[in-house]
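[1] next one to model:
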Amino acid sequence: MNFKSLIGQENARNILTRTADRDQLPNSYLFCGPEGVGKWVAALALTAYLNCHNPKDGDSCGQCPPCVQIRKLQFPNLYIAVPTPPSKSEKEELANYWDILNAKIEEPYSLIGGERQMSIPVATVRTIRSSLSQKPPQPGKRVIIIEQMDRMRTDSADALLKLIEEPPSQTIIIITTSKPERLLPTIISRCRRLRFGHLPENDIAAYLAEKANTAQPKADLLARLAQGSIGRALYIAAGDTEQDREVAKLIFKGVFISPPSDLIAEASDLLPFRDRFRINRIIAVWQTLFRDIIVLKSGGHADSLTNIDFASELEKIAGRNVSQKNLLAIPSHLGTVMADIELNVDTKSAVGALLIEVHKQLSA
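    Numbers count the residues shown, from 1 in each chain. As a prediction, this is how the structure comes out:
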């Protein structure tokens, strides 16, 4: 894993290599930005760059033992904490941990998620702290990656805070998050923040075509739906996404024409409430559909829509008499509900309340 693997994010790449070359790296970094845009890739690329035996032209060689070990997540000086689902035993927890890491080895831009609420176990952080109190397994920089720290429980965060306050020598902590507002202010204040932005659609489409062998027309469509995230594009492309998208469009149309009671009954029949990841994927499709309606009502052309394959239906809906002000507020409201669902609220109640509120806004 090297910086050549990082799609876009030139500013982040330049900052990391420049500070590394000048030996001015901070003890702790906070990588902020949407999921699936390269924070994980950048963390591993920096780890490789700091430990590579033959760095050249601002990047690691990718061939020496540390580079190979880092790519396989087997480097002795690399410590990783990732969110995992609840486990009944240490054996199950370890299995869940490696299931996630193996998925990231296979596809570093893949999203971490599942049906059940996930969090970073405090035992993982304590194990890392214990390992760091010992002599490093080999020379070089030790790197700790805390992936999606916004999913860390309070007890885990407290254990990590002690590590950040007194970092061992020759050790760098990299925290990644898409929701820095959920982190403890004391942790944020001790980290140097580095921002990662959304990726251009053409970069996402090119990655899908090259790395995932996606046909170009489908890659272009997925890139439009991905909202600047390779990880989101890959997730949309997987599994029963087409079915979820059709369900999303069906309920979306119902919001404009059906009474709330019928709408909720239809949602109860169609939505996979037990799978939080799929529910949020469906709500994310609603976000793109509402943004398309806003584009059309603002005079935009159908060619500029995200859901261009649904353009004729969207144009019909855009012709309805709906308050532009109320429409503009809906995508943000959908995002708030998605965040609530990640925090373990009851999905059925949350979606029911959401549909009632959106119907109310459209009827006002």
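
[2] sketch out the low-pLDDT regions of the stretch 201-350 of the chain for me.
    Residues of the stretch 201-350 of the chain meeting the criterion pLDDT under 70: 239-241, 343-344.

[3] which stretches in the stretch 151-300 of the chain count as strands?
    For the stretch 151-300 of the chain, the strands defined by DSSP state E, counting those that start in this stretch occupy 171-177, 192-195.

[4] give the rounded mean pLDDT of the shortest one.
    If I follow you right, that is strand 192-195. The pLDDT scores in strand 192-195 average 96.

[5] which other helices and strands contact that strand?
    helix 10-21, strand 28-32 (3 or more Cβ pairs under 8 Å, 6 or more residues apart in numbering; DSSP states H and E). Using the backbone N, CA and C atoms, a C-beta is placed for each residue, glycine as well.

[6] hmm, who's touching the longest one?
    Outside helix 10-21, the residues that touch it by Cβ atoms under 8 Å, 6 or more residues apart in numbering are 3, 6, 25-26, 31, 38, 42, 45-46, 49-50, 58-59, 194-196.

[7] mind listing what's buried along it?
    Across helix 10-21, burial judged by 16 or more other Cβ atoms under 10 Å covers Ala12, Arg13, Ile15, Leu16, Thr17, Thr19, Ala20.

[8] average pLDDT across that helix?
    The pLDDT scores in helix 10-21 average 94.

[9] what's the closest non-adjacent residue to Ser315?
    Small correction: residue 315 is Glu, not Ser. Once flanking residues are discounted, Glu315 sits nearest to Leu296: 6.1 Å by Cβ to Cβ, 6 or more residues apart in numbering.

[10] test my guess that Ile236 contacts Arg281.
    Yes: between Ile236 and Arg281 there is a contact at 7.1 Å, judged by Cβ atoms under 8 Å.

[11] using CSV, write down the CA coordinates of stretch 56-71.
    What follows is stretch 56-71, C-alpha atoms only, in CSV (Å, rounded to 0.1, in the frame of the first residue of the first chain):
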residue,chain,number,x,y,z
LYS,A,56,11.8,6.9,-3.7
ASP,A,57,10.2,10.0,-5.3
GLY,A,58,8.0,10.7,-2.3
ASP,A,59,6.6,7.1,-2.0
SER,A,60,7.4,3.7,-0.6
CYS,A,61,8.7,1.0,-2.9
GLY,A,62,5.9,-1.5,-2.3
GLN,A,63,8.4,-4.4,-2.6
CYS,A,64,10.5,-4.5,0.6
PRO,A,65,9.5,-6.7,3.6
PRO,A,66,7.8,-3.8,5.6
CYS,A,67,5.8,-2.7,2.5
VAL,A,68,4.6,-6.2,1.8
GLN,A,69,3.7,-6.8,5.5
ILE,A,70,1.8,-3.5,5.7
ARG,A,71,-0.2,-4.3,2.6
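
[12] avg pLDDT for it?
    Here the average pLDDT along stretch 56-71 is 93.

[13] now that stretch: buried residues?
    Gly58, Asp59, Ser60, Cys61, Gly62, Cys64, Pro66, Cys67, Gln69, Ile70, Arg71.

[14] make sure the third one is actually in contact with Ala48.
    Spelled out, it's Ser60. Yes: shown here, Ser60 and Ala48 form a contact pair, counting by Cβ under 8 Å, at 3.9 Å.

[15] hey, what's in contact with both of these two?
    By Cβ under 8 Å, 6+ apart, the residues touching both Ser60 and Ala48 are Asn2, Cys67.

[16] what about the strands in the stretch 1-150 of the chain?
    Listed in chain order, the strands of the stretch 1-150 of the chain (DSSP E, counting those that start in this stretch) span 28-32, 78-81, 142-146.

[17] if we can go back for a sec, let's have the helices and strands packed on strand 192-195 in CSV, adding distance to Trp286.
    Output for the helices and strands packed on strand 192-195, formatted as CSV (distance: least, Cβ to Cβ, whole Å):
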stretch, distance to Trp286
helix 10-21, 30
strand 28-32, 25
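
[18] among those, which is nearest Gly140?
    Closest to Gly140 of these is helix 10-21 (Cβ to Cβ; 12.7 Å).

[19] how far off centre is stretch 273-293?
    In this view, stretch 273-293 has its centroid 15 Å away from the chain centroid, taken as Cα atoms, centre = their mean, to the nearest Å.

[20] buried residues, it. List them.
    273, 275-293.

[21] so how far is stretch 185-194 off the chain centroid?
    The answer for stretch 185-194 is 20 Å, by Cα atoms, centre = their mean.

[22] stretch 310-317 too?
    29 Å.

[23] can you list the domains in the chain?
    Following automatic domain parsing, the chain resolves into domains at 3-197, 239-363.

[24] hang on, the earlier thing: hmm, the residue nearest to Glu315 is touching Thr306, no?
    No: counting by Cβ under 8 Å, Leu296 sits too far from Thr306 to count as a contact (11.5 Å).

[25] any idea how far the residue of the chain most remote from its centre lies from Ile257?
    Within the chain, Asn321 marks the point farthest from the mean C-alpha position, 35.7 Å out by Cα atoms, centre = their mean. Asn321 is 13 Å from Ile257, where distance means Cβ to Cβ, to the nearest Å.
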